[in-house]
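Asker: Model the following, please.
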Amino acid sequence: MKRRTLHPEVQMTTREKLSIYGKLILEARPIWKWLVLSCFLCLIIIACAVISPQLMGEVTNAIYDYWSASVSGGETFPLVQAIAPTLLLLLLSYALSSVVRWLNMYLMNNVVSHHYTCAIRIRMSDKIRRLPVKFVDGTPVGQILENMTGDVSAMGNSIHQIVEILVQGVLQLIFIAAAMLLEDWRLGLIVLATAPLSFLLSVKISGASGKYHRASLRESAEIYSVVEESYTNFATTKAYNLEQAMEEKHSQANRRQQAAQAKANFVTSLVQPSVTLLGALTYLAINLAGGYLAVQGVVPIGVVVTIVLFARQFSAPMEQIANGLSQMQRVTAASIRVFHFLDQPEEDPRKGEVDPRQIKGEVVFDHVAFSYNPDQPLIRDLNFVAHPGQTIAIVGPTGAGKTTIVNLLMGFYDITAGDILIDGRPMSQMSRDQARELFGMVLQETWLFRGTVAENIAYGRPDATREEIIQACDDAYCDHFIRTLPQGYDTVIGDETTTLSGGQKQLLTIARAILADRRLLILDEATSNVDTRTEILIQKAMDKLMQGRTCFVIAHRLSTIVSADRILVIRDGDIVEQGTHQQLLAKKGFYAQLYASQYDETI
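Answerer: Residues are numbered from 1 along each chain as shown. So this is what the prediction gives:
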């Protein structure tokens, strides 16, 4: 099945971007108390930012009045005593602002962001559990890893940006603007005149960087995929001397990501210098205008100093907002990917209680149709009955639809027409989880998680005792080699374990199926990765396991299914022949051709 791109490149409208920002804020609901505390700290910072210039203006006025009195020969006053209380308040204001800034930064970094990102990653993990298998089959692992790491981290950083922009930055601009206009409306308007231009410039430039941030994240996901592919297929890469090719593939992905990131950084870096330049021009204009008005005696020198300080403080939140808007482009790109993942349709939550103890094991495919791609039907009209205790073998060439039948039985994919019935009850009327509990599976590709041998075998029955685990291993003919391991059943193994052969891993998965003790059993190429001696041991274990169970066996090696109660020969999704081994050989049809091609016999 062709893999698809998880995150298609799309142009977002303003409404869609606002929707993304709304989702970001809604995700912060569990930490709203911490955000309220952060907003309160921001208000303290803003209050200090508004009070400090006014206090400095009072000090400046006092010094100017003292100097004027001294020059003119008028009555002077004790300068230090006059300005000491104001200077003390000014010092306390600066100190309080610094301490509160540090507290707010600590709060955001160590409390808010961590809780925020943790909650999203937990949601994503829970989402994966509810996603249909077809989504996982069609999505590169690297993209999901990038979602849960880099993208979520970027979203955690967005909380900083949102609080700084919506609370501290915007409110600071409003309060400083009001304070300036109250001090002197003429000088205040000069400062405010450049604010709209700075804002529009920031929005325009930061908006242009969005497509580069999306491209950068897309290439980052590709790097994850390449690394995951290289590591999981390490032995194959070595065997075919493809190290150089994989290195080049990785280098190309890195170069593309570097180029996209460089463009994003370049465009983003234009925002703050542009706003700073406008702020510098405003600062120059306010000094010239203020100086002129002070010389003319229209405005007191202290008011000019206060407005000049306000102008400096006014440019700081403008730069902060500009930088935040540019960073929000990366956050938006990351959020699109994460929410696209979280918005994926989940498996239909079927309802219906099933008691595994009451299941006899009759399985009916009644006019079943299915296709992975609507334009390319795979199974058109599949009909057969598996009676309780029968072994049904399914054979056919590669791509005929054998494994697809297993996927349909397990409910990994939903059929497009017809019904699959178990003991006369449609699977669509059964809970997916409970329906899957009816089946034991041994797949062609073995899977062992990192844990002890005993934990791996008890995967389908976590409450199994050690004696039951050992008995299952003895039935699967793997107890003998498990006891030769360093810690026996307590030896830690994993899917990457190299100390176990492919056949030994397969025997462990068979022991897992034996221990699960399900009424229905699926063997998908269960003996394809083992040697002849191990195959004989497996076959003996399977003979015992299959007794009294309805079994579906998929195999390319036809020697393993000669004793099956019925063999279904599948070609292009249809049953072209069915019967016992001897009956099918006697027909001298497609099955006979397959058998002859494997064993070089003339039928």
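
Asker: domain ranges for this protein?
Answerer: 29-70+78-342, 350-438+520-533+552-603, 448-517 (automatic domain parsing).

Asker: got any ranges where the stretch 501-603 of the chain has weak pLDDT?
Answerer: Applying pLDDT under 70 to the stretch 501-603 of the chain flags the ranges 525-532, 534-535, 599-603.

Asker: in it, which spans are helices?
Answerer: 502-516, 532-546, 581-587, 590-599 (DSSP state H, counting those that start in this stretch).

Asker: Tell me which of those lies nearest to residue 436.
Answerer: Residue 436 lies closest to helix 502-516 among those, at 11.0 Å (Cβ to Cβ). In this view, the C-beta of every residue, glycine as well, is placed from N, C-alpha and C.

Asker: packing partners for that closest one?
Answerer: strand 439-442, helix 453-457, helix 466-475, helix 532-546 (3 or more Cβ pairs under 8 Å, 6 or more residues apart in numbering; DSSP states H and E).

Asker: Off-centre distance for the shortest one?
Answerer: Taking the mean C-alpha point of strand 439-442 and that of its whole chain, the gap between them comes to 29 Å (Cα atoms, centre = their mean, to the nearest Å).

Asker: following the lowest-mean-pLDDT helix or strand in the chain, which helix or strand shows up next?
Answerer: When the helices and strands of the chain are compared on mean pLDDT, DSSP states H and E, helix 234-239 comes out lowest with a mean of 67. Heading C-terminal from helix 234-239, the first helix or strand you meet, by DSSP states H and E, is helix 243-269.

Asker: and whichever helix or strand comes after that next one, what other elements does it pack with?
Answerer: Following helix 243-269 in sequence order, the next helix or strand is helix 271-295 (DSSP H and E). Helices and strands touching helix 271-295, by 3+ Cβ pairs under 8 Å, 6+ apart, are helix 185-193, helix 195-208, helix 301-342.

Asker: Rounded mean pLDDT for the second one, please.
Answerer: The pLDDT scores in helix 195-208 average 75.

Asker: who's in contact with that helix?
Answerer: Here helix 195-208 makes contact (Cβ atoms under 8 Å, 6 or more residues apart in numbering) with 173, 177, 267-268, 270-271, 274-275, 278-279, 314, 318, 321-322, 325-326, 328-329.

Asker: what residues are up against residue 392?
Answerer: 384, 386, 550-553, 564-568.

Asker: Mind listing the residues bridging to it?
Answerer: residue 552, residue 566 (DSSP bridges).

Asker: Run through the stretch 51-200 of the chain and note the low-pLDDT ranges.
Answerer: 72-77, 112-113, 158-166.

Asker: all helices in it, in order from the N-terminus.
Answerer: Going by DSSP H, counting those that start in this stretch, the stretch 51-200 of the chain shows helices at 79-107, 113-130, 133-137, 141-146, 152-163, 170-183, 185-193, 195-208.

Asker: Tell me which of the ones you listed sits nearest to residue 443.
Answerer: Among the helices of the stretch 51-200 of the chain, helix 133-137 sits nearest to residue 443 (Cβ to Cβ), with 12.8 Å.

Asker: Contacts for that closest one, please.
Answerer: 1, 128, 344, 372, 407, 412-413.

Asker: So which bits of that helix are buried?
Answerer: residue 135 (16 or more other Cβ atoms under 10 Å).

Asker: Over to stretch 126-134?
Answerer: 131-132.

Asker: That one: how far from the chain's middle?
Answerer: With Cα atoms, centre = their mean, you get 12 Å for stretch 126-134.

Asker: C-alpha coordinates for it, PDB please?
Answerer: Backbone C-alpha positions of stretch 126-134 (Å, rounded to 0.1, in the frame of the first residue of the first chain) are rendered in PDB as follows:
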ATOM      1  CA  ASP A 126      -4.100   8.000  23.700                       C
ATOM      2  CA  LYS A 127      -5.100   9.000  20.100                       C
ATOM      3  CA  ILE A 128      -2.700   6.400  18.600                       C
ATOM      4  CA  ARG A 129      -4.500   3.700  20.600                       C
ATOM      5  CA  ARG A 130      -7.800   4.700  19.000                       C
ATOM      6  CA  LEU A 131      -6.600   5.200  15.400                       C
ATOM      7  CA  PRO A 132      -7.400   2.600  12.800                       C
ATOM      8  CA  VAL A 133      -4.600   0.400  11.600                       C
ATOM      9  CA  LYS A 134      -4.900   1.800   8.000                       C
END
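
Asker: Can you say which of the helices and strands packed on helix 271-295 is packed in most?
Answerer: Compared across the helices and strands packed on helix 271-295, helix 301-342 shows the largest average neighbour count, a mean of 22 (mean count of other Cβ atoms under 10 Å).

Asker: returning to what we had before: in TSV: the domains of the chain, plus distance to residue 16.
Answerer: Supplementary listing: the domains of the chain in TSV, determined by distance: least, Cβ to Cβ, whole Å:
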stretch	distance to residue 16
domain 29-70+78-342	9
domain 350-438+520-533+552-603	28
domain 448-517	40
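
Asker: Of these, which is nearest residue 18?
Answerer: domain 29-70+78-342 (10.5 Å).

Asker: Endpoint to endpoint, that closest one covers what distance?
Answerer: Taking Cα to Cα, to the nearest Å, domain 29-70+78-342 runs 17 Å from one end to the other.

Asker: What are the buried residues along stretch 114-127?
Answerer: Quick answer for stretch 114-127 (16+ other Cβ under 10 Å): 115-117, 119-121, 124.

Asker: report the angle between the axes of the helix or strand hosting residue 221 and helix 195-208?
Answerer: Assigned by DSSP H and E, residue 221 belongs to helix 210-232. Between helix 210-232 and helix 195-208, the angle comes out at 30 degrees (axes from the mean of the first three to the mean of the last three Cα atoms, to 10 degrees).

Asker: re the thing from before, what's the closest of the helices and strands packed on helix 271-295 to residue 587?
Answerer: Per Cβ to Cβ, nearest to residue 587 of the helices and strands packed on helix 271-295: helix 301-342, 50.5 Å.

Asker: okay, the angle between that closest one and helix 185-193?
Answerer: Using the same axes, to 10 degrees: helix 301-342 against helix 185-193 is 30 degrees.

Asker: I'd like the average pLDDT over helix 301-342.
Answerer: 78.

Asker: Tell me the first helix or strand C-terminal of it.
Answerer: Toward the C-terminus from helix 301-342 - assigned by DSSP H and E - lies strand 363-370.

Asker: What is that next one packed up against?
Answerer: strand 379-386, helix 402-409, strand 417-422.

Asker: Identify whichever of these lies nearest to residue 514.
Answerer: helix 402-409 (18.6 Å).

Asker: any residues touching that closest one, and which ones?
Answerer: 133, 363, 365, 368, 370, 372, 378-379, 382, 394-396, 413, 415, 420, 439, 441, 520, 522, 524, 552, 554, 570, 573.

Asker: and those residues, which are buried?
Answerer: Counted by 16+ other Cβ under 10 Å, the contacts of helix 402-409 give 363, 365, 368, 370, 378-379, 382, 394-396, 413, 415, 420, 439, 441, 520, 522, 524, 552, 554, 570, 573 as buried.

Asker: one step back: with distance to residue 64 as extra columns, can I get the buried residues of stretch 114-127 in CSV?
Answerer: As requested, those are arranged in CSV below (distance: Cβ to Cβ, whole Å):
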residue, distance to residue 64
115, 51
116, 50
117, 53
119, 56
120, 56
121, 59
124, 62
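
Asker: Which of the residues you listed sits closest to residue 263?
Answerer: For the buried residues of stretch 114-127, the nearest to residue 263 is residue 117 (26.7 Å; Cβ to Cβ).
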